[in-house]
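1. A structural model of the following input is requested.
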Amino acid sequence: MSFFQYFDFPDADNAYAIDTRDLHRRFLQTQRVCHPDTWAQEGDREGALAAAQSSQLNKAYQTLLSPLSRAQYILAQHGLEQSETETLENPEFIMEIMDARQEVEDADNMQQLNQLRAVNQERIDETIYEISVLLTDRNWEEARTATIRLKYWLGIHKAAEQRIHDLHD
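-> Numbers count the residues shown, from 1 in each chain. Below you'll find the model as predicted:
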C-alpha cells in the first residue's frame, strides 16, 4: 500500500501536488481509527497491530508532509532512490550554493537575513513547482536532479534559521 493510499488520496496525474492541510485532516481522521489507544481494550494482539499501523501511518504522514521527502518517496516508487550524500555535478549550481551559504554566514543583522531568506524561499518555491511539473510529466531523471537541488536550498534555509538563532543569543 502506498503512503498516498493510507490517506485515501485519489490516483491523480500529480500525486506530488497535495494540499498539506487536507493531508493533515485525512491523517487525523485515519489516526482516530487506528490509534493504539482506540484498540487497547481489544487485547494485546489488536493493540500491537494498531501500534504498528499507527507507526506506519505517522511515517507516511511525515513523508508526504515535506515537499522534499514527498518527491524522494515518489522517485523511489519509480526506482530512483536517493542517498543522503547524493550531490550534483553542476559547478555553477555548487558555486551558487556556496555563495548563498557564505552570504548567510556573513549576515550580521535581521534585515540582511530576512532579505536572504526571502530570496532563498523564492528558489525553494520555484524548485518545488519545477519538481511538480517534472513529476507530472514523468520526467523522473530531471525530477531527481531538481529534488537534489531542493535539498540544497532547504539546507540554506536551515542555515539561515540557525543564523537567526545565533544572532539572538
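
2. May I have the distance across stretch 61-79, first residue to last?
-> Separation of the first and last residues of stretch 61-79 by C-alpha to C-alpha, to the nearest Å is 21 Å.

3. does residue 83 sit in a helix, a strand or a coil?
-> At residue 83 the chain is in coil, as set by DSSP: H, G, I helix; E, B strand; the rest coil.

4. ah, wrong one, I meant residue 52
-> Under three-state DSSP, residue 52 comes out as helix.

5. Please report how far it lies from residue 164.
-> Distance, residue 52 to residue 164, by C-beta to C-beta, to the nearest Å: 39 Å. C-betas here are computed from N, CA, C, even on glycine.

6. more neighbours, those two?
-> More crowded of residue 52 and residue 164, by other C-beta atoms under 10 Å: residue 164, with 15 against 12.

7. in this protein, which residue is closest to the centre?
-> Note on the chain: the residue nearest the mean C-alpha position is residue 66, at 2.4 Å, using C-alpha atoms, centre = their mean.

8. Okay, now the unreliable bits of this structure?
-> Along the chain, segments meeting pLDDT under 70 span 11-14, 35-47, 50, 84.

9. What ranges does it have for its helices?
-> Using DSSP state H, the helices found in the chain span residues 3-6, 20-34, 36-39, 44-65, 67-77, 91-106, 110-136, 140-168.

10. Let's have those helices in JSON lines, adding distance to residue 85.
-> Compiled in JSON lines, these are given as follows (distance: least, C-beta to C-beta, whole Å):
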{"stretch": "helix 3-6", "distance to residue 85": "24"}
{"stretch": "helix 20-34", "distance to residue 85": "28"}
{"stretch": "helix 36-39", "distance to residue 85": "36"}
{"stretch": "helix 44-65", "distance to residue 85": "20"}
{"stretch": "helix 67-77", "distance to residue 85": "14"}
{"stretch": "helix 91-106", "distance to residue 85": "14"}
{"stretch": "helix 110-136", "distance to residue 85": "20"}
{"stretch": "helix 140-168", "distance to residue 85": "11"}
